[in-house]
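Peer 1: Quick one, structure for this:
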Amino acid sequence: MNMKKSYIYLLLLTGILTFNLNGFSSIPVPTCDFAVATTACTMQEVGVEYTGNAPANATYLWNFDGAIIISGSGQGPYWIKWETAGEKHITLSIEWEGQSCTKTKPVVVSEQPRIFEMTGGGVYIPGGPAIAVGLSGSQTDIIYKLFRNEEYAGISMVGTGQQLVFGEFTETGIYTSKGRVDGSDCSVMMAGQAVITTPEPLSAPSICVVTFDTILNHNVVIWKNMEASDLSHFNIYKETHQNNEYDKIGEVLIGNPGYYSFSDVSSNPLVKSDKYKLSATDTLGNESEPSAFHKTIHLNINPGIYGFNLIWNHYEGYAFATYRIYRQYGAASWELIDSVASNVDSYTDVYTTSGLATYYIEAVRNEPCGGEEKNNFNENTQSNWVTSAPLGEEEMTNEGIRIYPNPVTNRLFIKLNNNSSITGIEIIHPSTGIVLITGKLDLSGTDVSPLMPGLYILRILTEDQVLHARFIRGQ
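Peer 2: Numbers count the residues shown, from 1 in each chain. Sure, this is the predicted structure:
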């Protein structure tokens, strides 16, 4: 043996055994194992990963049977895709330290399912019909799965070559579908989405103002229309005798765009203030939350030392900084006599003129109800009108004038204790100053039955004076 040789090769079944001065060592036979899916779609990216024992510096020869190599080199891993369908073969050959191996694996490539559009979706109104979801078309031998919010919805259908309907649904979400070739992992997402939503909850309408209707002598609620296509009507609520407890008192059907109003015929602004709320109802009967309340101004009046004392409760419902105080003598024009801050709730008007005086209070809002939009109503709320005889006019006391019965239902009797001759009588509405009944004294009594229940002013005309008294028309 030539001792100048440093090693000897011995051929073994599992590799080559080498011998050198340090002893024997083994070079293993390389393996050509690799992992790849057995099925794929055309144009689907397929991963190929070497799993054998050869080192990275071995020589790797890959044959992907016409596939497009997306990425990868040498040992790999690789990402490839085929443009055509059929049975493809991937072959790997390795050479290392004089040894080699070869392995081939088949991959069945199917034609990628055609992509169809999702159909259906829309707005589901609770209580209404469910919403259909489907596909614009399908292929036979393709299985279509339905997903909701990227999770399998538990519904799959085999294609028929026609449009598909997965069903009708009420659950909100984003619906998608994936088509898979039957018997393979070849799958593709369909195009688009079918989205099911529910309408936003109806927002509460906003009251512009609750004010005094000077014609009907009731409270009137005014509000702006809402931008909603499925509205049916508005609901008007009024506070009961219990704090923050409201009863529905009426409805107003949806009409032309603009402003709506509701006259509360049950209200009596001369007696007290009232609180109101609004809500809206859609065509399916769903009702919104109630609006913020508005509370009217109730104005009262009584004689003071120097004039009439006006007392009122504050308006609640919109922001304002000023009250305006208006006065009217007899049938003359209204005049603005003063303005006070919004935290003031009383005012004394010093008399300089005799005759009937009527008053009301106005709360001047900071911002208009409709923005820059012009409206055909006064956006500033008004209190009820109150009328009283001035202190400077001669007035009989209860001992000098007799009215009975009081309250009265049908006929009112009037007598003067000083035996003065009564030349005429007038019955006046205390809020408007309008003369409702006029005539001569009737010994059988004055018929007041046409009057609505409430407080009224009686003006008694004699030969030398005008007297005033008050009476109540009862129920």
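
Peer 1: Can you list the low-confidence ranges for the chain?
Peer 2: 1-26, 305-306, 351-355, 370-376, 389-400, 431, 475 (pLDDT under 70).

Peer 1: what's the domain layout of it?
Peer 2: Annotated domains of the chain cover 34-110, 118-197, 207-295, 299-388, 401-473 [automatic domain parsing].

Peer 1: Make a markdown table out of the ones you listed and add distance to P28.
Peer 2: (Each C-beta comes from the backbone N, C-alpha and C, glycine too.) Listed next are these as a markdown table, based on distance: least, C-beta to C-beta, whole Å:
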| stretch | distance to P28 |
| --- | --- |
| domain 34-110 | 6 |
| domain 118-197 | 34 |
| domain 207-295 | 76 |
| domain 299-388 | 86 |
| domain 401-473 | 112 |
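
Peer 1: In JSON lines, list those along with mean neighbour count.
Peer 2: Below are the domains of the chain laid out as JSON lines (neighbours: other C-beta atoms under 10 Å):
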{"stretch": "domain 34-110", "mean neighbour count": "16"}
{"stretch": "domain 118-197", "mean neighbour count": "17"}
{"stretch": "domain 207-295", "mean neighbour count": "17"}
{"stretch": "domain 299-388", "mean neighbour count": "16"}
{"stretch": "domain 401-473", "mean neighbour count": "15"}
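
Peer 1: Of those domains, which is nearest I27?
Peer 2: domain 34-110 (4.9 Å; C-beta to C-beta).

Peer 1: Span of the closest one from start to end?
Peer 2: 21 Å (C-alpha to C-alpha, to the nearest Å).

Peer 1: residue contacts, G424?
Peer 2: By C-beta atoms under 8 Å, 6 or more residues apart in numbering, the contact list for G424 reads 438-441, 461.

Peer 1: ugh, wrong one, I meant S71
Peer 2: Counted by C-beta under 8 Å, 6+ apart, S71 has contacts 78-79.

Peer 1: doesn't T240 make contact with K277?
Peer 2: No: in this structure, K277 is not within contact of T240 by C-beta atoms under 8 Å, at 11.9 Å.

Peer 1: between the two, what contacts are shared?
Peer 2: In contact with both K277 and T240: Y246, using C-beta under 8 Å, 6+ apart.

Peer 1: Against L253, how distant is T281?
Peer 2: The gap separating T281 from L253 is 10 Å, by C-beta to C-beta, to the nearest Å.

Peer 1: where do the contact lists of these two overlap?
Peer 2: 232-233.

Peer 1: Do a quick rundown of the strands in the stretch 251-400 of the chain.
Peer 2: Here the stretch 251-400 of the chain has its strands, by DSSP state E, counting those that start in this stretch, at 259-264, 275-282, 294-295, 299-303, 307-312, 320-329, 335-341, 346-350, 357-365, 381-382, 386-388.

Peer 1: elements contacting the third one?
Peer 2: To tie it back to what came earlier, the one meant is strand 294-295. If you count contacts as 3 or more C-beta pairs under 8 Å, 6 or more residues apart in numbering; DSSP states H and E, strand 294-295 packs onto strand 207-213, strand 275-282.

Peer 1: for the shortest one, packing partners?
Peer 2: In other words, strand 207-213. strand 218-224, strand 275-282, strand 294-295, strand 381-382.

Peer 1: one more time with 7 Å
Peer 2: strand 218-224, strand 275-282, strand 381-382 (3 or more C-beta pairs under 7 Å, 6 or more residues apart in numbering; DSSP states H and E).

Peer 1: right, so of the strands of the stretch 251-400 of the chain, which gets closest to T197?
Peer 2: Here strand 275-282 is closest among the strands of the stretch 251-400 of the chain (C-beta to C-beta), at 15.3 Å.

Peer 1: The strands of the stretch 251-400 of the chain: which one's closest to D182?
Peer 2: Using C-beta to C-beta, the strands of the stretch 251-400 of the chain put strand 275-282 closest to D182, at 46.0 Å.

Peer 1: The closest one to strand 218-224, inter-axis angle?
Peer 2: Interaxial angle, strand 275-282 versus strand 218-224 (axes from the mean of the first three to the mean of the last three C-alpha atoms, to 10 degrees): 40 degrees.

Peer 1: ok, and what's touching strand 275-282?
Peer 2: 202, 204-205, 207, 210, 221, 223, 226, 230-239, 246, 287-291, 293-295 (C-beta atoms under 7 Å, 6 or more residues apart in numbering).

Peer 1: so which of the helices and strands packed on strand 294-295 gets nearest C369?
Peer 2: For C369, the closest of the helices and strands packed on strand 294-295 is strand 207-213, at 3.7 Å, according to C-beta to C-beta.

Peer 1: right, so of the helices and strands packed on strand 294-295, which gets closest to H468?
Peer 2: strand 207-213 (22.9 Å).

Peer 1: what sits up against that closest one?
Peer 2: Contacts of strand 207-213 (C-beta under 7 Å, 6+ apart): 219-224, 263, 269, 276, 278, 291, 294, 296, 317, 369, 379, 381-384.

Peer 1: Could I get the CA-only coordinates of it as PDB?
Peer 2: What follows is strand 207-213, C-alpha atoms only, in PDB (Å, rounded to 0.1, in the frame of the first residue of the first chain):
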ATOM      1  CA  ILE A 207     -88.600  71.000  18.000                       C
ATOM      2  CA  CYS A 208     -88.100  74.600  16.700                       C
ATOM      3  CA  VAL A 209     -90.400  76.300  19.100                       C
ATOM      4  CA  VAL A 210     -93.500  75.800  21.200                       C
ATOM      5  CA  THR A 211     -95.400  79.100  21.200                       C
ATOM      6  CA  PHE A 212     -98.800  80.700  21.800                       C
ATOM      7  CA  ASP A 213    -101.300  80.400  19.000                       C
END
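
Peer 1: Now do that strand against strand 357-365, angle only.
Peer 2: Using the same axes, to 10 degrees: strand 207-213 against strand 357-365 is 180 degrees.

Peer 1: Now do strand 207-213 and strand 299-303, the angle between them.
Peer 2: 40 degrees.

Peer 1: distance between strand 207-213 and the chain's centre?
Peer 2: 24 Å (C-alpha atoms, centre = their mean, to the nearest Å).

Peer 1: Fine by me, we can end here.
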